[in-house]
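Asks: using only what follows, build the 3D model:
(one chain, ligands or ions: 1)
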Amino acid sequence: MADDDLPRLLRDLGATAVATLLAQHVDDGRGYCRACSLPQAGPSRWPCTLRAAALAARDLARRAR
Ligand SMILES: [Zn+2]
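Replies: Below you'll find the predicted structure:
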């Protein structure tokens with residue numbers, strides 16, 4: 001799987017899905033992602049992979065317009 005597959009997938013899901021990801025994956029104030037800090041997974045450093053992918057997806061969508 002190429003590095004840019006995830007951003008493309010998210011872009012195809014639409015602006016609302018990307019905006020939701022960006023709204024959920026925020027810094028919890030201690031340098032960790034709020035949405036990724038699941039008990040079973042442990043805290044994830046922020047910005048997390050999903051936020052980076054969502055930002056890239058938003059850029060892709062902007063460039064396409
Ligand atoms: Zn996250």
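
Asks: tell me the buried residues in stretch 5-19?
Replies: Neighbour counts over stretch 5-19 (16 or more other C-beta atoms under 10 Å) mark 6-7, 10-11, 18 as buried. (Each C-beta comes from the backbone N, C-alpha and C, glycine too.)

Asks: of the residues you listed, which is the nearest to Gln24?
Replies: For the buried residues of stretch 5-19, the closest approach to Gln24 (C-beta to C-beta) belongs to Val18, at 11.0 Å.

Asks: wait, a helix at that closest one?
Replies: Yes: counting by DSSP: H, G, I helix; E, B strand; the rest coil, Val18 is part of a helix.

Asks: list the contacts of it.
Replies: Val18 is in contact with 10-11, 54, 57-58, 61, counting by C-beta atoms under 8 Å, 6 or more residues apart in numbering.

Asks: and those residues, which two are furthest apart?
Replies: Most distant of those, by C-beta to C-beta, are Ala54 and Ala61, 10.5 Å apart.

Asks: compare the two (neighbour count), which wins?
Replies: Using other C-beta atoms under 10 Å, the more surrounded residue of Ala54 and Ala61 is Ala54, with 26 against 16.

Asks: counting contacts, what elements does the longest helix seen in the chain pack onto?
Replies: Using DSSP state H, we find that the single longest helix of the chain is helix 49-64. Counting by 3 or more C-beta pairs under 8 Å, 6 or more residues apart in numbering; DSSP states H and E, the packing neighbours recorded for helix 49-64 are helix 5-13, helix 15-24.

Asks: mind putting those in a markdown table, mean pLDDT included?
Replies: Below are those laid out as a markdown table (pLDDT from 0 to 100):
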| stretch | mean pLDDT |
| --- | --- |
| helix 5-13 | 95 |
| helix 15-24 | 96 |
